[in-house]
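> Sharing a model that was predicted from the sequence below.
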Amino acid sequence: MTDTRKTALVIGASRTLGLGLATAYLRRGWDVIGTVRGSRHTGLHDLAETSGGRLTVESLEMTEPEQISALRDRLAGRTLDLLFVNAAITRGDIPIGEVPTDMFTEVMVTNALSPMRVVESLRPLVAPTGTIGVMSSEQGSIALNTEGGQDLYRASKSALNQLMRSYAARHAGDTRKLLLVNPGWVRTELGGPEAELSVEESIPGVVETIERHREPGLHFVDHQGQVVPW
């Protein structure tokens, strides 16, 4: 009997939004591979222990290119129906002229360059009809930036969006779906305690948005399925 279960790879699944995604896809009957940084025990490990073998935990420091290559080699032969990259850091609300160069580099490498390295490297594992998704943010929208603030974080997400746009143009004939997803303002370490949504309120919409998109090409959408202005 052929196993028809789908497989999702969630990059950055140790907690909050990434862990929520892994949990949601397990509940939908998918097999899930989730990555964590380092070797410490996380909520993803706890979830794996109750998954009946359907959740595999992999180690990945996304900012190290050789670790991305090693993960690709370990997953060789697997077919992914979904590759979703969830990773971002912020270093506070600092006017851009006061941001140290090393901080600028750290945030840009983590939030923009590294996710694209993952997409470029792991793309061959994604089924031709599969989906490649990256967690973006409304703060990456240039059109919606009417108040300023969070200069570096906004710039990193805008850079991520632009790089995905370039990726989509370079692979214009690809049949895979490409999504930049804004999860909403969520109460995470990054979003802060005053955010509007809990993880449990955001993630079901994120998953529905991912599953609802069937057209190839790049789409910038939010957790309610609405188009986000570039």
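Okay, I see it.

> Identify each buried residue in stretch 132-146, please.
For stretch 132-146, the neighbour count (16 or more other CB atoms under 10 Å) marks 132-141 as buried. Where you see a C-beta, it was placed from the backbone N, CA and C, and this is true even at glycine.

> got those as a markdown table, with pLDDT columns?
Below are these laid out as a markdown table (pLDDT from 0 to 100):
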| residue | pLDDT |
| --- | --- |
| Ile132 | 98 |
| Gly133 | 98 |
| Val134 | 98 |
| Met135 | 96 |
| Ser136 | 96 |
| Ser137 | 95 |
| Glu138 | 94 |
| Gln139 | 93 |
| Gly140 | 96 |
| Ser141 | 97 |
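
> And those residues, which two are furthest apart?
For the buried residues of stretch 132-146, the farthest-apart pair by CB to CB is Ile132 and Gln139; their separation is 21.4 Å.

> quick check: longest strand of this protein.
strand 126-135 (DSSP state E).

> Just want the angle from the next helix or strand after that strand to strand 126-135.
Following strand 126-135 in sequence order, the next helix or strand is helix 151-170 (DSSP states H and E). Orientation check (axes from the mean of the first three to the mean of the last three CA atoms, to 10 degrees): helix 151-170 against strand 126-135 gives 160 degrees.

> Parallel or antiparallel, which strands does the following helix or strand past helix 151-170 pair with?
Using DSSP H and E, the helix or strand that follows helix 151-170 towards the C-terminus is strand 177-182. Sheet pairing for strand 177-182, assigned by DSSP bridges, gives strand 126-135 (parallel), strand 217-222 (parallel).

> Dump the ones you listed into TSV; add distance to Gly12 as well.
Converted to TSV, the strands paired with strand 177-182 look like this (distance: least, CB to CB, whole Å):
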stretch	distance to Gly12
strand 126-135	8
strand 217-222	19
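
> closest to Ala172 out of those strands?
Here strand 217-222 is closest among those (CB to CB), at 8.2 Å.

> buried set for the closest one?
218-222.

> just stretch 221-230 next, same as before
Neighbour count says stretch 221-230 has 221-223, 228 buried, by 16+ other CB under 10 Å.

> Ala159: which of the residues you listed is nearest?
Ranked by distance to Ala159 (CB to CB), the buried residues of stretch 221-230 are led by Val228 at 15.6 Å.

> need the contact list for the closest one.
The contact partners of Val228, taken as CB atoms under 8 Å, 6 or more residues apart in numbering, are 136, 138, 141, 144, 180, 182, 220-222.

> Not counting residues beside it along the chain, what's closest to Glu200?
If the residues on either side of it in the chain are set aside, Glu200 comes closest to Gly20, at 7.2 Å by CB to CB, 6 or more residues apart in numbering.

> now that neighbour, what's its secondary structure?
Three-state call for Gly20 (DSSP: H, G, I helix; E, B strand; the rest coil): helix.

> Make a markdown table from the buried residues of strand 217-222 and add pLDDT and distance to Val206 to it.
Output for the buried residues of strand 217-222, formatted as a markdown table (pLDDT from 0 to 100; distance: CB to CB, whole Å):
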| residue | pLDDT | distance to Val206 |
| --- | --- | --- |
| Leu218 | 97 | 17 |
| His219 | 96 | 13 |
| Phe220 | 97 | 13 |
| Val221 | 97 | 10 |
| Asp222 | 96 | 9 |
